[in-house]
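Peer 1: Need the 3D shape of this:
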Amino acid sequence: MRSLQKKIKNEIYALLKDKYDFKQTELSFSQPAERKFGDLSTTLAFALAKKTKSKPFLVAEDMAARLTGQLKAVEDIRVAGGGFLNLYLRRDNFLKYQWQNLEKPLPAKGEKVIVEHTSINPNKSAHIGHLRNSCLGDILARSCRFLGYEVEVQNYIDDTGIQIADVVWGLLHYQKKSLDEIKKISNLAAYLWDLYAEVNQLFAANDDLARQRRDVHKKIEEKIDPEYESCRYIAEEVLLDHIRTMEQIGIHYDLLARESDVIALDFFKAAAAEMTARNVMTRSADPAKKDCLVIHYDRENIEKIIVRSNDTITYVGKDIAYNLWKFNLLPRDFCYRIFHTYADGHAIYMTQSEPAPPAPPFGRGDKVYNVIDVRQSYLQNLIAQVLAQLGHSAPSANFIHFSYEMVALTPACVREMNLKLEAGEENKPYIEVSGRKGRAVKADELIAKLVEKSLCEIQVRNPALAAAEALPLARTIAVAALRYFMVKFNLNTVIAFDFKEALNFEGDSGPYLQYTMVRLNSILKKSSGADLRAASVPGSLQCLEAREKELYWEMILNLSLLELAVEFALQNHELSSLAAYAYGLCQKFNHYYHLFPVLAEKDADVRNLRLSLMLIFKNKVEKLLAVMGIAIPDRM
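Peer 2: Sure thing, here's the model as predicted:
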């Protein structure tokens, strides 16, 4: 649809350029909610009426008269609603165009997009909240790839932060373990899950222990052993655990960027030199911030400390430097080494400060998406402000904070995960989770529970299915359930995870999309077995009776919107629209097939059209589900 709209737009400009001035007037199309108002609609007449000081209706009437019969893809043009220009497409031609261009790839954009997501502190197992970040980030990256961008997925690792100091103190000074003893702990990330909650309770109750924790943090930053060596080991072991967790749900990375390397390679020093020279970063005049270097945050009219009075750099300063590097705006680069290789051979690189063999070129992005929850909005806004103040207007405009709200649990989910409900919580819409308080759900445990419940549903529906076949199928369904649930809600909505809703085979869920595609593939398989195949070119819609013709056309139009739907999701920072689009398509397909089966149809022309629709649907929805990271099983 995008390419067709572009062709129609160019034809309209060419036909009307002698009559109307199109400068600073953009011609855009929308799809009317009701088909009686056409297949495409434009408000161009309203914009041109302002320029010509005419009535929009009269401008629209004139445009329609000049354009009727002149647009190759348009059958009819009508004026409605005081100036809307409604276009009715040549249906048979449009259907053939869709059919002939099914396998045509979208052209490369020639731009590189960097997507940073996950970015979990490497101090314990990932939890359910991290899954939403990673699912959103992965679908964002897949969307960009689908649209033709070169995409690099980065995962920022805060391997020197106070959170990892918590567990280093807990292991070395609280549990009195040596590094050799730490290395003997199996499933270290899960072990640290409980330890992290325990030591945070100790710090909250004892100021002396909290001071010891700060001392440990200082030793890590100054690379003093055994704290520093233990920190490095813990961070990498936990990071491997995070990678394995995310790999279960189809999430991969290209680069792990470590904060310790940002520090070691003096990224901030280079950034600070430019910020100071341009008076973006200055010494504070506030007595409470004596000797601190600050940046004035315009949006809130306050100062943000970048360098403390003791010359230590805040995480804000480090993040500014890191994001300047993403845009190739620093005279520095990381060194790299391979950290992990996936089964398909794709390697994840990790930054390092020590010299290393040549590696692929990382960074140098034209556009940057940072998938970080809404609580970090001020920091992301500040980075965009600094980019603009340093004279980097294009990077500032292309620096995008992809924010979202937190994940909670329904009371039912809390019970199913064997967590305790406090008095009065049973009737709450959702229960907040906190890793620091020890009340959260490990990502691995949630995934395992989803697989378990999927397996039970499969065994009810297919009692004769062998376990060797049922378990991989359960995993595929569980992943679809999780990924769809994490993306189907508005990003500004706190979502309450619920197993029953996520695994609903017959509603707004990932398994429902899979069921639809399994059903479709079964129809096509039976058609092939009966030697029924679609013709090389679809026939005319005129052979369909009126009701089927309108439903058929509605599906073809909606399927043609795939590229526009992905573009809309990106431009509006609302990936939930992709879930709604996929669900709507599957509902329409199931309704259509219920009314108009394929195999039982005797009329060869009608059957050919229905088979053509099935194949177009399969092509488009497979691509859409690939963008969403949902695999299609052989059976349900």
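Peer 1: For residue 151, list the residues it contacts.
Peer 2: Residues near residue 151 by C-beta atoms under 8 Å, 6 or more residues apart in numbering: 112, 113, 114, 115, 141, 144, 145. Glycine gets a C-beta too; all of them are placed from N, C-alpha and C.
Peer 1: Tell me how many other residues surround the third one.
Peer 2: Residues near residue 114, counting by other C-beta atoms under 10 Å, number 25.
Peer 1: Including pLDDT, could the contacts of residue 151 go into CSV?
Peer 2: Listed next are those as CSV, based on pLDDT from 0 to 100:
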residue, pLDDT
112, 98
113, 98
114, 98
115, 98
141, 98
144, 98
145, 97
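Peer 1: Select from those the one having the most neighbours.
Peer 2: residue 115 (30 neighbours).
Peer 1: next SSE after the helix or strand harbouring that residue?
Peer 2: Assigned by DSSP states H and E, residue 115 belongs to strand 112-116. Note on strand 112-116: by DSSP H and E, the next helix or strand toward the C-terminus is helix 128-146.
Peer 1: quick one, what contacts residue 535?
Peer 2: Contacts of residue 535 were listed using C-beta under 8 Å, 6+ apart, and they are 608, 612.
Peer 1: Could you measure from it over to residue 615?
Peer 2: Taken as C-beta to C-beta, to the nearest Å, the spacing of residue 535 relative to residue 615 amounts to 11 Å.
Peer 1: and what of residue 270?
Peer 2: Separation of residue 270 from residue 615 (C-beta to C-beta) stands at 55 Å.
Peer 1: Nearest to residue 404, out of the contacts of residue 151: which one, please.
Peer 2: Each of the contacts of residue 151 was scored against residue 404 by C-beta to C-beta, and residue 115 proved nearest at 13.8 Å.
Peer 1: The closest one touches residue 371, doesn't it?
Peer 2: Yes: between residue 115 and residue 371 there is a contact under C-beta atoms under 8 Å: 6.9 Å.
Peer 1: joint contacts of those two?
Peer 2: 137, 140.
Peer 1: pretty sure residue 125 is touching residue 240, no?
Peer 2: No: in this structure residue 125 lies outside contact range of residue 240 using C-beta under 8 Å: 11.7 Å.
Peer 1: With neighbour numbers in mind, choose between the two.
Peer 2: Using other C-beta under 10 Å as the criterion, residue 125 and residue 240 rank with residue 125 on top: 26 against 15.
Peer 1: quick one, phi/psi of the more buried one?
Peer 2: In this entry, residue 125 is assigned phi and psi values of phi -60, psi 150 (degrees, to the nearest 10).
Peer 1: May I see the buried residues of stretch 383-403?
Peer 2: 383-390, 392, 395-396, 398-403 (16 or more other C-beta atoms under 10 Å).
Peer 1: Helices - which of those land there?
Peer 2: With helices taken from DSSP state H, the overlap with these comprises 383, 384, 385, 386, 387, 388, 389, 395, 396.
Peer 1: ok, the last one to residue 325 distance?
Peer 2: As for residue 396, its distance to residue 325 is 15 Å (criterion: C-beta to C-beta).
Peer 1: The first one now?
Peer 2: Per C-beta to C-beta, residue 383 is found 12 Å from residue 325.
Peer 1: Domain boundaries for this protein, per the record?
Peer 2: Per automatic domain parsing, the structural domains of the chain span 2-89, 112-402, 409-502, 510-628.
Peer 1: Tabulate the CA atom coordinates of stretch 13-27 in PDB.
Peer 2: The C-alpha trace of stretch 13-27 is given here as PDB (Å, rounded to 0.1, in the frame of the first residue of the first chain):
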ATOM      1  CA  TYR A  13       0.800  16.400  -8.000                       C
ATOM      2  CA  ALA A  14       1.500  16.100 -11.700                       C
ATOM      3  CA  LEU A  15      -2.100  16.600 -12.700                       C
ATOM      4  CA  LEU A  16      -2.900  19.500 -10.400                       C
ATOM      5  CA  LYS A  17       0.400  21.400 -10.200                       C
ATOM      6  CA  ASP A  18      -0.700  24.000 -12.800                       C
ATOM      7  CA  LYS A  19      -3.800  24.800 -10.800                       C
ATOM      8  CA  TYR A  20      -2.700  24.600  -7.200                       C
ATOM      9  CA  ASP A  21       0.300  25.600  -5.200                       C
ATOM     10  CA  PHE A  22       1.500  22.500  -3.200                       C
ATOM     11  CA  LYS A  23       4.400  24.300  -1.400                       C
ATOM     12  CA  GLN A  24       4.300  23.500   2.300                       C
ATOM     13  CA  THR A  25       1.200  21.300   1.700                       C
ATOM     14  CA  GLU A  26       1.600  17.600   2.300                       C
ATOM     15  CA  LEU A  27      -0.700  15.100   0.600                       C
END
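Peer 1: No more questions from me, cheers.
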